[in-house]
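**Student:** prediction below, plus the sequence it came from.
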Amino acid sequence: MLKSKTFLKKTRAGGVMKIVREHYLRDDIGCGAPGCAACGSAHEGPVLEPQPLDPASSLCPWPHYLLPDTNVLLHQILRVWRPGTWASVASSLRLPGSLETYVEQEQGENANDRNDRAIRVAAKWYNEHLKKMSAENHLQVIFITNDKKNKEKAIEEGIPAFTCEEYVKSLTANPELIDRLACLSEEGNEIESGRIIFSEHLPLSKLQQGIKSGTYLQGTFRASRENYLEATVWVHGDDEENKEIILQGLKHLNRAVHEDIVAVELLPKNQWVAPSSVVLHDEGQNEDDLEKEEERERILKTAVNEKMLKPTGRVVGIIKRNWRPYCGMLSKSDIKESRRHLFTPADKRIPRIRIETRQASTLEGRRIIVAIDGWPRNSRYPNGHFVKNLGEVGDKETETEVLLLEHDVPHQPFSQAVLSFLPKMPWSITEKDMKNREDLRHLCVCSVDPPGCTDIDDALHCRELENGNLEVGVHIADVSHFIRPGNALDQESARRGTTVYLCEKRIDMVPELLSSNLCSLRCNVDRLAFSCIWEMNHNAEILKVRFTKSAINSKASLTYAEAQMRIDSTAMNDDITTSLRGLNKLAKILKKRRIEKGALTLSSPEVRFHMDSETHDPIDLQTKELRETNSMVEEFMLLANISVAKKIHEEFSEHALLRKHPAPPPSNYEILVKAAKSKNLEIKTDTAKSLADSLDRADSPTFPYLNTLLRILATRCMMQAVYFCSGMDNDFHHYGLASPIYTHFTSPIRRYADIIVHRLLAVAIGADCTYPELTDKHKLADLCKNLNFRHKMAQYAQRASVAFHTQLFFKSKGIVSEEAYILFVRKNAIVVLIPKYGLEGTVFFEEKDKPKPRLIYDDEIPSLKIEDTVFHIFDKVKVKIMLDSSNLQHQKIRMSLVEPQIPGISIPVDTPNMDINEPERKKKRREK
């Protein structure tokens, strides 16, 4: 024992408690070097390599181990570690916490200086200890630190010490590692320019004081995808006023990056601005062209109606950086032999990043990963370093990897620890499995799904009872039977949160053995299910409902088209077809009743790709066709979810996992109301019922597609539906479904929320036992937060996959002209929807190196006048669609106006289009 302390403490009850603290040091920790006689059998856990890999260092020619200080470990090794590099040897070194290396904090010495001294003592001890072990092989421990004073003291004490940069530059065999060096500080890497662009960030202590006093507001910084000079800050807290603050202009954004937690200061009301309608992308060259930035900022500030002004602010400091590694491409500098280049991230909300690399020629045209190191006050862009080369741009595997990484989708193969909890094959239902379970294998159950579906979550049945009523059952895969709480399989499923469906690939939430086999309700095999069974009359009124764990045997796995064909066919009258007709009849009544209560029927253009069987490239692109059977399945899934939500909330009022859809604020509907008004239609938005009725009435005999466009626009006005814990919220209402309570029960193969709901329901009916985390509302709330994030990212990843495959389709299709409808008008562009492809795109009216047309934007109508032609929302136009590959960083579908004809703007149908790859060709000619 080193020492002990004794002190007295007064308890809440008024008593006195004696507390004794004893400090012990261990003497059984070995050095980690194999074959060390002095340490004997004290080795536990990982050991050092017997002979360190020779990294061919010009500074340290002898074999050596590395001892990095904490900052190097955090800022360098954790960012660039990969097997076989210099960083990997450091991971094996263990500091002994024994009597020889323990140091007490001296009087007047701060904790940081004490830690630095402790590492130096350990380095010195290691060098002396290794000499005793093997004097002839010159084994050394090299101390790596970026702290100047710490390095100087180490050298004075006879310890070989280098900065991280010195050591990495000495590795003659691995010159590429220099690119992976993180910048040490913002100040040390400022661009050679005396001009200060940004104001200084206030220290955290001042920010906290300001937030406490109300001078500053804390929130999450959300950059705009459409305008790199604009962002919003979503203020944390319950205050409804100033919930969303607009930031405009580089100086007000003040070096904040998307998703950072920032402190903002509200500007005086006379400096408030309205959200900009200008589409601006940062397409500047490598130089810092600040005059052009200031000119662009002036474009944002135009006269607007006072009602449109929003609380406006500026970033005064960063509370927490939420930087991550970013995927994108290198924009090689035009300056020959330059090592400094700009990196363009795939995510348009992230600013371009300045990196130094010697591999620019190799990395050009490749997708790479870059990390941000800092953002100096006098640099237009943040500084960063190269991390990884992903592959060639345009390659399907590479682009899929990029979109998965960019949307933080966990997609690594399942680990052995996870797979070890899967059932052993061959598997069959046992007597033990049937405990607390009904045998429903005799029922005529069938599933209806999209073509090619292998993860079949749900199946249905409908039969007439002896009393003349109908029995309807929804049977859901019993995934919770296979995934038990708290094991590695459960933890991994919770982390992934959802299955992600890409155009050609599915990233499963659970291993394939469960998703496509044992849990999938395939036909003609026995499967475990969780059943929700209603007794209904012929008017679809529920008389009874019961829930049971069950065993089923599906009699048919049908597609929506096959099920529809059975319902419509007069020749088919078998049990499956009779069941489907009964279900379809009831579903129509249920849907009618739901819509009467105010449920919304919205629209969103969904596309389906037809793939070439050999190349897997898209050969056709169509909008998805919806049939009656789609609606039939949807109605019973909704009914099951609502019935289960009521049951689990009755049993667990404080910890039911539910799903709500908040009502949008009235401001969200402004664009919809104005758009309808421009077509002499009135849309009421005070309740979901009035909105639904208004949309039903909004019809035009001469313009049948108008109603669909209004419903698409109404979808954009909606808030995101979210999971929540019932004990942490009072508002349960689902606005879109007009239901007072709702949850997710019907898709446990692809949604983790449903697994939790299954567990709650199983406990409620006595079919399973509970566990502590299931009834801890704080843990459930944390779980809901992760599930909401994963669902949002999965949606974005799916959209990105559709966008990429759309590019592939038009790459092979060439240039096409199609009819389109205007969805939005901007100050310098129109956003159009092409119904044939379900494709949305922007037609710009201002282009570089071309005379600017006369544009007049009216936000009230809203409309955009170009020369003498006026465009309104929902106007029909004709556009030319092509793939623009001129910017490899962001290949995109480009649209140009064909009709109506505007001189100098429209492209005639019969003339060939400009060469959209011209910039790339010119660049290649310059390089030659």
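**Tutor:** Received it, and whenever you're ready, just let me know what you need.
**Student:** element containing Thr708, please.
**Tutor:** helix 706-717 (DSSP states H and E).
**Student:** confidence score at the closest residue to Thr163 other than its chain neighbours?
**Tutor:** With Cβ to Cβ, 6 or more residues apart in numbering as the criterion, Thr163 has its nearest non-adjacent residue at 5.3 Å, and that residue is Asn146. For every residue, glycine as well, the C-beta is placed using N, CA and C. Here, the pLDDT recorded for Asn146 equals 83.
**Student:** so Asn146 makes contact with Leu73?
**Tutor:** No - if you go by Cβ atoms under 8 Å, Asn146 and Leu73 don't touch, sitting 11.0 Å apart.
**Student:** more neighbours, the two?
**Tutor:** Neighbours of Asn146 and Leu73, each counted by other Cβ atoms under 10 Å, are more numerous for Asn146; the result is 20 against 16.
**Student:** what residues are up against Lys792?
**Tutor:** Gln720 (Cβ atoms under 8 Å, 6 or more residues apart in numbering).
**Student:** 10 Å - rerun?
**Tutor:** Counting by Cβ atoms under 10 Å, 6 or more residues apart in numbering, Lys792 touches 407, 498, 720, 722.
**Student:** Val235 too?
**Tutor:** 217-220, 241-245, 264, 311, 313.
**Student:** which phi and psi does it have?
**Tutor:** phi -80, psi 130 (degrees, to the nearest 10).
**Student:** setting the sequence-adjacent residues aside, check what's closest to it.
**Tutor:** Gly219 (4.1 Å).
**Student:** my read: that neighbour touches Glu265, true?
**Tutor:** No - counting by Cβ atoms under 10 Å, Gly219 does not reach Glu265; the two are 11.9 Å apart.
**Student:** out of the two, which sits in the busier spot?
**Tutor:** Under the criterion of other Cβ under 10 Å, the comparison of Gly219 against Glu265 puts Gly219 first, with 23 against 16.
**Student:** coming back round to it: tell me, what's touching Gly219 and Glu265 both at once?
**Tutor:** In contact with both Gly219 and Glu265: 245, 313, using Cβ under 10 Å, 6+ apart.
**Student:** distance between the ends of stretch 440-451?
**Tutor:** 26 Å (Cα to Cα, to the nearest Å).
**Student:** let me fix that, I meant to ask about stretch 479-493.
**Tutor:** 11 Å.
**Student:** just how off-centre is that stretch within its chain?
**Tutor:** 23 Å (Cα atoms, centre = their mean, to the nearest Å).
**Student:** how about it: buried residues?
**Tutor:** Residues of stretch 479-493 classed as buried: 479-483, 485, 489-490, 492-493 (neighbour count, 16 or more other Cβ atoms under 10 Å).
**Student:** quick check: the residue nearest to Thr163 vs Val370, distance?
**Tutor:** Counting by Cβ to Cβ, to the nearest Å, the gap from Asn146 to Val370 is 21 Å.
**Student:** quick one: least confident helix or strand in this structure?
**Tutor:** When each helix and strand of the chain is scored by mean pLDDT, DSSP states H and E, helix 86-90 comes last, with a mean of 35.
**Student:** buried residues in the helix ranked longest in the chain?
**Tutor:** Longest helix in the chain, counting residues (DSSP state H): helix 777-813. Residues of helix 777-813 classed as buried: 780-781, 783-784, 787-788, 790-791, 793-794, 796-798, 800-811 (neighbour count, 16+ other Cβ under 10 Å).
**Student:** could you do stretch 215-223 as well?
**Tutor:** Under the neighbour-count rule (16+ other Cβ under 10 Å), stretch 215-223 has 216-223 buried.
**Student:** turn these into a markdown table, including pLDDT and distance to Val448.
**Tutor:** A markdown table is the format used below for the buried residues of stretch 215-223 (pLDDT from 0 to 100; distance: Cβ to Cβ, whole Å):
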| residue | pLDDT | distance to Val448 |
| --- | --- | --- |
| Tyr216 | 92 | 55 |
| Leu217 | 92 | 50 |
| Gln218 | 92 | 49 |
| Gly219 | 92 | 45 |
| Thr220 | 93 | 41 |
| Phe221 | 94 | 45 |
| Arg222 | 93 | 40 |
| Ala223 | 92 | 42 |
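**Student:** closest to His649 out of those?
**Tutor:** Distances from His649 to the buried residues of stretch 215-223, taken as Cβ to Cβ, are shortest for Thr220 (30.6 Å).
**Student:** end-to-end on stretch 672-692?
**Tutor:** Stretch 672-692: ends 13 Å apart by Cα to Cα.
**Student:** give me the mean pLDDT for that stretch.
**Tutor:** On average, stretch 672-692 scores 87.
**Student:** so how far is that stretch from its chain's centroid?
**Tutor:** Distance, centroid of stretch 672-692 to centroid of chain: 32 Å (Cα atoms, centre = their mean).
**Student:** show me the shaky parts of the stretch 601-750 of the chain.
**Tutor:** 605-624 (pLDDT under 70).
**Student:** could you pull out the strands in it for me?
**Tutor:** Using DSSP state E, counting those that start in this stretch, the strands of the stretch 601-750 of the chain run over 607-611, 618-623, 657-660, 722-725.
**Student:** same question for the stretch 201-350 of the chain.
**Tutor:** Under DSSP E, counting those that start in this stretch, the stretch 201-350 of the chain gives strands at 216-223, 230-235, 244-248, 261-266, 313-320, 326-331, 340-345.
**Student:** nearest to Thr559, of these?
**Tutor:** Per Cβ to Cβ, nearest to Thr559 of the strands of the stretch 201-350 of the chain: strand 326-331, 36.1 Å.
**Student:** with only the CA atoms kept, save that closest one in PDB.
**Tutor:** Extracted C-alpha coordinates of strand 326-331, given in PDB (Å, rounded to 0.1, in the frame of the first residue of the first chain):
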ATOM      1  CA  TYR A 326     -15.700  12.600 -45.400                       C
ATOM      2  CA  CYS A 327     -16.000  10.900 -48.800                       C
ATOM      3  CA  GLY A 328     -15.400  12.800 -52.000                       C
ATOM      4  CA  MET A 329     -12.900  13.600 -54.700                       C
ATOM      5  CA  LEU A 330      -9.700  15.700 -55.100                       C
ATOM      6  CA  SER A 331      -9.900  18.900 -57.200                       C
END
